[in-house]
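Chemist: Build the 3D model from these lines:
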Amino acid sequence: MTLQEMDNEMTMDCLLLAGRMMIESGAETYRVEDTMLRMARSQNMPDAQCYATPTGIIFSLGKTQPTRITSISSRVTDLQKIALVNSVSRKLTSHIITLEDAYDELKSIQKTNYFLPTYMQVIAAALASACFLIMFQGTWSDFPIAFLAGGVGFYVLLLISQLTKVKFFSEFTASLAVAIVAFIAVKLGLGKELDKIIIGSVMPLVPGILITNAVRDLMAGHFMAGIAKGMEAFLTAFAIGAAIAVILSF
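Modeler: Below is the predicted model of the structure:
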């Protein structure tokens, strides 16, 4: 392998790693493509081509260069990681760091878990649920019930997500737990407005960022990615609605 080929391999590895992390962290596909192409141009490769979808990236450095494909099987929302990758991209395009330094930084970012501890995520989700209850004009007496239901639902989501790779099942089970807790609390006289308790408690499960990214991709002309993300958001909404309907039907 020649020195030029080794440099091209390093460039491909660095750019694909950046794009992969961005998609896995919930970035819009047009942002991923723009970031990868800017990084490629900073390495004097203006003929680079990139095609990103929520499930994979196809990338080439030019007409005479080999094309690489990377698949993406899981996606979460990690805005901190997206911001860090963008920071590395800006430093590389401004020639503040070299390609090797950028690759090392990206590898370090990939290995680091930027999520809060589980208990803090659960507490935050519970507090958000209770605040959403008040925002939807619920009564303050239902505040503790929404806090409990939201926390239980989000904990179940994290637990089931670790046990199974089926996103629909984890969201369905979490919504089921929310509805059960709210229903029991109302039946025991601890809560008053069942509908507002449930609505507030499932808000941490609602795919708000996913819907926003789907619309932004569609507006940017990335119809395939926008439709795919829209369908993913629809499945999440369907899982939440189906679980609530199961409990209310009884």
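Chemist: quick one: average pLDDT of the biggest helix by length in the chain?
Modeler: Criterion DSSP state H: the longest helix present in the chain is helix 223-249. Helix 223-249 shows a mean pLDDT of 89.
Chemist: buried residues in that helix?
Modeler: Buried residues in helix 223-249, counting neighbours by 16 or more other CB atoms under 10 Å, are found at 225-226, 228-230, 232-233, 236-237, 239-240, 243-244, 247. (Glycine included, C-beta is placed from N, CA and C.)
Chemist: and that helix, how far from the chain's centre?
Modeler: Computed by CA atoms, centre = their mean, to the nearest Å, the chain-centroid distance of helix 223-249 equals 15 Å.
Chemist: Identify the structural domains in this structure and state their residue ranges.
Modeler: 3-111, 118-249 (automatic domain parsing).
Chemist: Let me know which of these is tucked in deepest.
Modeler: domain 118-249 (a mean of 19; mean count of other CB atoms under 10 Å).
Chemist: right, and residue 32 touches residue 16 too?
Modeler: No. The pair residue 32 / residue 16 is not scored as a contact, 10.6 Å apart, by CB atoms under 8 Å.
Chemist: Would you mind listing the residues touching both of these two?
Modeler: residue 57 (CB atoms under 8 Å, 6 or more residues apart in numbering).
Chemist: Any stretches of this protein with poor pLDDT?
Modeler: 1-5 (pLDDT under 70).
Chemist: As a check, name the ranges of all strands in it.
Modeler: 49-53, 56-60, 67-71 (DSSP state E).
Chemist: before we move on, the earlier item: give me the angle between the longest helix of the chain and strand 49-53.
Modeler: For helix 223-249 against strand 49-53, the angle between stretch directions is 10 degrees (axes from the mean of the first three to the mean of the last three CA atoms, to 10 degrees).
Chemist: Against which helices or strands is helix 223-249 packed?
Modeler: strand 49-53, helix 167-187, helix 194-202, helix 208-219 (3 or more CB pairs under 8 Å, 6 or more residues apart in numbering; DSSP states H and E).
Chemist: let's see 10 Å
Modeler: The helices and strands touching helix 223-249, judged by 3 or more CB pairs under 10 Å, 6 or more residues apart in numbering; DSSP states H and E, are helix 29-42, strand 49-53, helix 167-187, helix 194-202, helix 208-219.
Chemist: tell me the contacts of residue 160?
Modeler: 166-167, 169-174, 177 (CB atoms under 10 Å, 6 or more residues apart in numbering).
Chemist: ok, of those residues, which one's closest to residue 208?
Modeler: residue 171 (13.6 Å; CB to CB).
Chemist: Quick check: that closest one touching residue 235?
Modeler: Yes. Using CB atoms under 10 Å, residue 171 is in contact with residue 235, at 8.3 Å.
Chemist: Report the set of residues contacting both of those two.
Modeler: Residues touching both residue 171 and residue 235 (CB under 10 Å, 6+ apart): residue 207.
Chemist: Pull the distance from stretch 197-206 to the chain's centre.
Modeler: Worked out by CA atoms, centre = their mean, stretch 197-206 lies 18 Å from the chain centre.
Chemist: Columns distance to residue 135 on top of the contacts of residue 160, output as a markdown table?
Modeler: Output for those, formatted as a markdown table (distance: CB to CB, whole Å):
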| residue | distance to residue 135 |
| --- | --- |
| 166 | 31 |
| 167 | 27 |
| 169 | 29 |
| 170 | 26 |
| 171 | 22 |
| 172 | 25 |
| 173 | 26 |
| 174 | 21 |
| 177 | 22 |
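Chemist: Perfect, I'm done here.
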